[in-house]
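>>> okay, structure incoming, though there's no sequence with it:
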């Protein structure tokens, strides 16, 4: 009996550490089964989507991901089960209705004869905004007739517009 108590204590401590780690992750974590029902969500998932944990645990993947009909979920489940890992970009819907881009890393595993997918989800809103700003600035700088270039600390060129190429006599 003392050994069983010790093993139970170790298992409880490991579970506590795992829950703590997932709740302090910077990515949303979701655990789902084949039916698409959310079985677990960490604190970041709640924050990212604006739901309480109780609300999230009552939802299915189709309720938060705008691209996942039940048929799409079955296809994704099958693909992830076969490959053990998938990486996709999609869009999630916040409780407020706002839609935002996400990157989803899905890991399939079997525990006690039951299949699960652990999704780690990253909000791509900031990255997409940065990419859009860079594209706008690049377009603008390529449109001016004056030479424009960006040189890094190591003296390498990060950006050169067409006017600078002409002035310097080099191709981009």
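Alright, I've got the coordinates. Since this is a predicted model, take the numbers as computed values, not measurements.

>>> apart from its chain neighbours, what residue comes closest to the most centrally placed residue in the chain?
Nearest to the mean C-alpha position of the chain, counting by CA atoms, centre = their mean, stands residue 122 at 2.3 Å. Among residues not flanking residue 122 along the chain, residue 103 sits closest, at 4.7 Å (CB to CB, 6 or more residues apart in numbering). (C-beta placed from N, C-alpha, C; glycine too.)

>>> so how many other residues sit close to the nearest residue to residue 85 once chain neighbours are set aside?
Nearest residue to residue 85 in three dimensions, chain neighbours excluded: residue 107, at 5.6 Å (CB to CB, 6+ apart). Using other CB atoms under 10 Å, residue 107 has 13 neighbouring residues.

>>> after the worst-scoring helix or strand of the chain on mean pLDDT, which helix or strand is next?
Between all helices and strands in the chain, the lowest mean by mean pLDDT, DSSP states H and E belongs to helix 2-23, at a mean of 66. Sequence-wise, the next helix or strand downstream of helix 2-23 (DSSP states H and E) is strand 28-32.

>>> quick one, the helix or strand residue 71 falls within and strand 28-32 angle?
Residue 71 belongs to helix 70-83 when assigned by DSSP H and E. In terms of direction (axes from the mean of the first three to the mean of the last three CA atoms, to 10 degrees), helix 70-83 departs from strand 28-32 by 90 degrees.
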